[in-house]
Every structure is written in structure tokens, then in C-alpha cells.
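1. What would the 3D arrangement of this be:
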Amino acid sequence: MSGPDRIDADFEAVVLGATGAQAIVDTRVVQGLWSGYGQIVRCRLEGGSQSSVIVKHVRWPDQRDHRYGWNTDRSHERKLTSYKVESTWYDRYAHECPDASRVPQCLALEAETDEVIMVLEDLDSSGFAGRRQQVTVTELDACLSWLASFHAAFMGERPEGLWATGTYWHLATRPDEFDALEDGPLKAAAATIDRQLADSSFQTFVHGDAKLANFCFSDDGRRAAAVDFQYVGGGCGMKDVAYLISSCLDEDDCERMAPDLLDRYFELLKDALEHSDKTLDFAALEADWRALYPVAWTDFSRFLQGWSPGHWKLHRYSERLAREVLEALEES
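-> Numbers count the residues shown, from 1 in each chain. As a prediction, this is how the structure comes out:
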């Protein structure tokens, strides 16, 4: 048995109570949480309604170790808030996701002063065992389909209890990285770029960390489910789309494929909205969001340049979009 560093009676009681299982027969660490804030564990069970579950066990660390050195009190408070937001997401909103934007069912939530235990459906056991470091066109389409369904489902909703502005990189939540950003046109325009996204007439919920690593795939790659809702909140859907594409493609593939991927996303979004109870002017939404795609990409690039200069995503495609956004601002 390979288990987490601490399985205590409370942990076991929460898992067994959520599933009706007789015993936890095996535990395996799936991954550690960012900066030492706990672990994600797969528990194999005996008896009960589930053969296995995923437990996200969050514990506030005594010492914080960030890979890029961002271990400030502000960073710590942001992480604490993110786990509270994720708990609220599973408690109040996750059940509203349609099947096309599949998320794990939450079986139990327990929050104490210094830890959170989330008992979640094991997506591996539910037909989403695939994890990818690189994607095929089919798998990328599955991710876009998930995002389109998700954005349609929450279009116009108020993110009560979630981040008012979703994503982990938006300007208000990253003042340290903004201060570290080299003075120049991008830094000078950062507040305007942030405001353009916030002022979009079409607001929805954004996943907030829609990178490839947070998607799980069916065996044939045609369907995707998503995990990790620490930064879910309000916003323009282009934030998720730009971030997803940036996590999947290099600079040459971005140049070659992004236009078709955007066309496909809007095709999927239109279909999802037509099958929802939302009524809006889709042509106006599409025009607004298409114009904001490079803005969303540039907003994320601004964060990267302050957070991790030299990051692999700061490539020629990113530079081209940023240049176009800044030139448009100068002309306006």
C-alpha cells in the first residue's frame, strides 16, 4: 500500500460515511497539491456504493514552498480562498453542469479551520481514465465542447460564493507579479486590458484553470470531463479558450490552428445555447468574444511576464497578439 502521509480517523470516517463502504483497502497518492497544500488520493474501497473515490485533502502547510518563489502571505490567502471557492462550487453549482460539461460528483465535503476534505467521484471508474500531455484534434475538440457547454450553462449567472472574477491570473489578484513586470507598454495598458474583459456584456462562469492537465478523457478521446475548480468564477469565456489553446499548442500550431479552433468553439457554443434556456443575441456575443480573444491571451501573457519571465508560452504568437492589442489601444 502506498498511502498519503497522514490517514487519520477523521479522514477515514468522512470517506466511509460518504460511500457506505466497510473499509478503505488501499490508498494511492495521485498528486501533491501546489506548494505543499495537501494531496489528492485515490482510495480503493470494500463494500458500499463506490469501488473507489478520489479524496482531495487540503491542509495548510507550516512552511510554503513555491516553485517560483511566490510564497507571500497574499499568495497563501489566495490559496485558502481558492479551496473555499472550490468547496462552494461542489456544494452549490456542480450539479448544474450538463452531461456535455462533465464534472465529478461530490460525495462529501468537510471543512475545518486548517483543512478541507472533498470526497469526489473517481472519474477513472466512470469512463474518463485518459490523461494527456499532448492532444489529438479529437481530444482538443472534446475540451472545446466541454468549455462551450460549461459557458452556455452559466451564461449570465451570478458567481455567488465563487471568485467574482475567475482565473488565477487576473490583475486584482496578482499585484506582486504586476509589480515585478518590467515597465513598458504592456504594463501601462494592463488595467485597460483587464477592464475590457470585465466590461464585456456577456459574462459567464469560467473554469479559471482550463489547462490540458485538468481534463480527463474517454477511451476514444471524444468526450472530456474537467477537474480542479479552485479558480472558477465570473468572466468572459475567451479567458478559458485562450488559456486552453496556450496549454495545448506551440507557437507554430497556434498560428496554424487557432482560427479554426475559434470557429469550432463558437459553433459548439451556439449549439449549446440553443439547447439551453438562455435567450440572447448570439451574433453580438460572438462578435464581442472574438474581439476579446487576443485581449484575453494578452492578459495572461502579462501575468506570465511578471510571474515567470522566459516561460515557454511567451512565444512569437503571444508577442504578435499582444502587439496587435496594444496597437489597437493606441489607435482608440
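
2. what's the neighbour count on the closest residue to residue 324 other than its chain neighbours?
-> Nearest residue to residue 324 in three dimensions, chain neighbours excluded: residue 294, at 6.0 Å (Cβ to Cβ, 6 or more residues apart in numbering). To be clear about C-beta, it is placed using only N, CA and C from the backbone, and glycine gets the same treatment. Using other Cβ atoms under 10 Å as the criterion, residue 294 is surrounded by 22 other residues.

3. Doesn't residue 294 lie inside a helix?
-> Yes. Per DSSP: H, G, I helix; E, B strand; the rest coil, residue 294 lies within a helix segment.

4. Going by residue numbers, what spans are strands in the stretch 201-332 of the chain?
-> Assigned by DSSP state E, counting those that start in this stretch, the strands in the stretch 201-332 of the chain fall at 204-206, 215-217, 224-226, 233-235.

5. Out of the ones you listed, which one sits most buried?
-> strand 204-206 (a mean of 28; mean count of other Cβ atoms under 10 Å).

6. by contact count, what packs against it?
-> Applying 3 or more Cβ pairs under 8 Å, 6 or more residues apart in numbering; DSSP states H and E, one finds that strand 204-206 contacts helix 137-153, strand 233-235.

7. quick one: strands adjacent to that strand?
-> In the sheet containing strand 204-206, its partner strands are strand 233-235 (antiparallel), by DSSP bridges.

8. Name the residues that touch the partner strand?
-> With Cβ atoms under 8 Å, 6 or more residues apart in numbering as the contact definition, strand 233-235 has outside contacts at 85, 158-159, 162-167, 170, 197-198, 203-206, 208.

9. Show me which of these are buried.
-> Listed as buried from the contacts of strand 233-235 are 85, 159, 162-163, 165-167, 170, 197-198, 203-206, 208; burial here means 16 or more other Cβ atoms under 10 Å.

10. Those residues: which two are farthest apart?
-> Taking Cβ to Cβ as the measure, the buried ones among the contacts of strand 233-235 reach their widest spread between 85 and 197, a distance of 19.1 Å.

11. For the strands of the stretch 201-332 of the chain, could you give me TSV that also reports mean pLDDT?
-> Conversion of these to TSV gives the following (pLDDT from 0 to 100):
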stretch	mean pLDDT
strand 204-206	98
strand 215-217	98
strand 224-226	98
strand 233-235	98
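
12. Need those strands in CSV (columns: distance to residue 16).
-> Putting the strands of the stretch 201-332 of the chain into CSV (distance: least, Cβ to Cβ, whole Å) gives the following:
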stretch, distance to residue 16
strand 204-206, 33
strand 215-217, 25
strand 224-226, 25
strand 233-235, 33
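
13. in this structure, which helix or strand is least confident?
-> Considering only helices and strands, the least confidently modelled element of the chain by mean pLDDT, DSSP states H and E is helix 73-88, at a mean of 86.

14. who does it touch, helix- and strand-wise?
-> Of the remaining helices and strands, those touching helix 73-88 by 3+ Cβ pairs under 8 Å, 6+ apart are strand 106-111, strand 115-121, helix 175-180.

15. how's this structure carved up into domains?
-> Domain assignment for the chain, taken from automatic domain parsing, gives 1-126, 128-332.

16. Go through these and find the least confident stretch.
-> The stretch with the lowest mean pLDDT among the domains of the chain is domain 1-126, which comes in at a mean of 84.

17. Backbone dihedrals for the residue nearest to residue 60 when sequence neighbours are not counted, please?
-> Taking Cβ to Cβ, 6+ apart as the measure, residue 60 lies nearest to residue 114, with 4.9 Å between them; neighbours along the chain are not counted. In this entry, residue 114 is assigned phi and psi values of phi -130, psi 10 (degrees, to the nearest 10).

18. so residue 114 sits right up against residue 59, yeah?
-> Yes. The pair formed by residue 114 and residue 59 meets the contact definition of Cβ atoms under 8 Å, at 6.5 Å.
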